[in-house]
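Participant: Model the structure of this input:
(one chain, ligands or ions: 1)
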Amino acid sequence: MTAQDNTKQFSFELFPPKTEKGIEKMRQTVTQLNLLKPAYFSVTYGAGGSTQSTTFAAVDWLRSEEIETAPHISCIGASKDEIDSLLQRYIGQGITRLVALRGDLPSGAGLGEIHDFSHADELVAYIRETTGDHFHIEVAAYPEFHPQATDPFKDIEYFANKVSAGANAAITQYFYNADAYFRFVDACEALNVTVPIVPGIMPITNYSSLARFSDSCGAEIPRWIRRRLEAFGDDTNSIRSFGADVVSDMCERLIANGAPGLHFYTMNQAGATQILCDRLGITG
Ligand code: FAD
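Facilitator: As a prediction, the model looks like this:
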């Protein structure tokens, strides 16, 4: 996958930093990775609007740098009025791409009085109903299934509903098992869902935080990877080097077998993503 191969699209995800130091780090990360000429940078959004001001600040800065930006929007606990004002704000900024999600309310937070949206397909339908074709809409996909999914086949049908509601493409939860992705894409095709499903790629830089996060979002770290990462202990260099080998091999296999591109979860750090891009020939 090279910059010349314009049939493959790659993109980078950021989270909205809260501190001055974090803002500086994010800006450095964007400045470095933007040299690789990605299709866009996406910016996450806390469910219930919990990161609204910091997401806006990150999006405003990206737009001021004339960088193609895809804000995430989550609908759980949001009213239609709140979604309308987000959409109008983004239209006013010349944004044409969104990542539309249900989101998760923080544990213990109730829905309160607001039940305008239950699932992401309703948000996608609402964006289409109110703004037509203005936005290119990405939705989330789960090759290893959503952690709350009681039935894997239903989970795929619910994913298909988001596409029927008007999603143009999908980004997956991260995984370290390419076969889960290929099987998921096959199952979608069997339901005539043919939109691009872009693998979400999480670089491996730290074992304990990755293990914790993976447990909560339902991403599996295969035993052979987990055991090696555990054995490295505090040896960060070995973790990063092994992680880069494993993840770049998987990316190569994904691309060679038809993945339409890659979406990197940068965690606002350029280093590990840059190494993967270098190995994959993404040079800008
Ligand atoms: P949905 O597609 O609505 O699915 C959620 C669950 O409901 C699934 O188990 C599904 O099977 C089930 N379901 C769907 N429709 C129905 C139905 N009609 N009846 C019964 N069950 C149904 N979270 C954030 O808060 N902010 C972010 O910025 C963010 N960005 C993300 C980006 C990506 C690429 C990914 C993969 C995830 C992101 N998340 C984010 C996490 C996401 O919000 C959570 O995984 C959330 O739990 C589900 O969101 P969803 O849009 O996939 O929901």
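Participant: hey, where'd the strands end up in this protein?
Facilitator: Ranges of strands in the chain, per DSSP state E, are 9-14, 41-43, 69-74, 97-101, 136-141, 169-174, 197-201, 261-265.
Participant: Can I get the fifth one in PDB? Just the C-alpha atoms.
Facilitator: Coordinates of the C-alpha atoms in strand 136-141 are reproduced here as PDB (Å, rounded to 0.1, in the frame of the first residue of the first chain):
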ATOM      1  CA  HIS A 136     -20.100  10.900   3.900                       C
ATOM      2  CA  ILE A 137     -21.000   8.700   6.900                       C
ATOM      3  CA  GLU A 138     -18.800   6.100   8.500                       C
ATOM      4  CA  VAL A 139     -20.100   3.700  11.100                       C
ATOM      5  CA  ALA A 140     -18.500   1.200  13.500                       C
ATOM      6  CA  ALA A 141     -18.100  -2.500  12.700                       C
END
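Participant: any weak-confidence spans in this protein?
Facilitator: Confidence mapping of the chain against pLDDT under 70 gives the ranges 1-6, 106-114.
Participant: Helices of that one, residue ranges please.
Facilitator: With helices called from DSSP state H, the chain shows them at 20-34, 52-64, 80-92, 120-131, 152-164, 178-190, 207-217, 223-232, 236-256, 270-280.
Participant: now those helices in JSON lines, with distance to the ligand?
Facilitator: Using the backbone N, CA and C atoms, a C-beta is placed for each residue, glycine as well. Output for these, formatted as JSON lines (distance: least, Cβ to the nearest ligand atom, whole Å):
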{"stretch": "helix 20-34", "distance to the ligand": "15"}
{"stretch": "helix 52-64", "distance to the ligand": "8"}
{"stretch": "helix 80-92", "distance to the ligand": "12"}
{"stretch": "helix 120-131", "distance to the ligand": "3"}
{"stretch": "helix 152-164", "distance to the ligand": "4"}
{"stretch": "helix 178-190", "distance to the ligand": "12"}
{"stretch": "helix 207-217", "distance to the ligand": "6"}
{"stretch": "helix 223-232", "distance to the ligand": "20"}
{"stretch": "helix 236-256", "distance to the ligand": "15"}
{"stretch": "helix 270-280", "distance to the ligand": "15"}
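Participant: so who does the closest residue to residue 168 other than its chain neighbours touch?
Facilitator: Nearest non-adjacent residue to residue 168, counting by Cβ to Cβ, 6 or more residues apart in numbering: residue 136, 5.0 Å away. For residue 136, the contact set (Cβ atoms under 8 Å, 6 or more residues apart in numbering) comprises 96-98, 168-169.
Participant: Brilliant, that's me finished.
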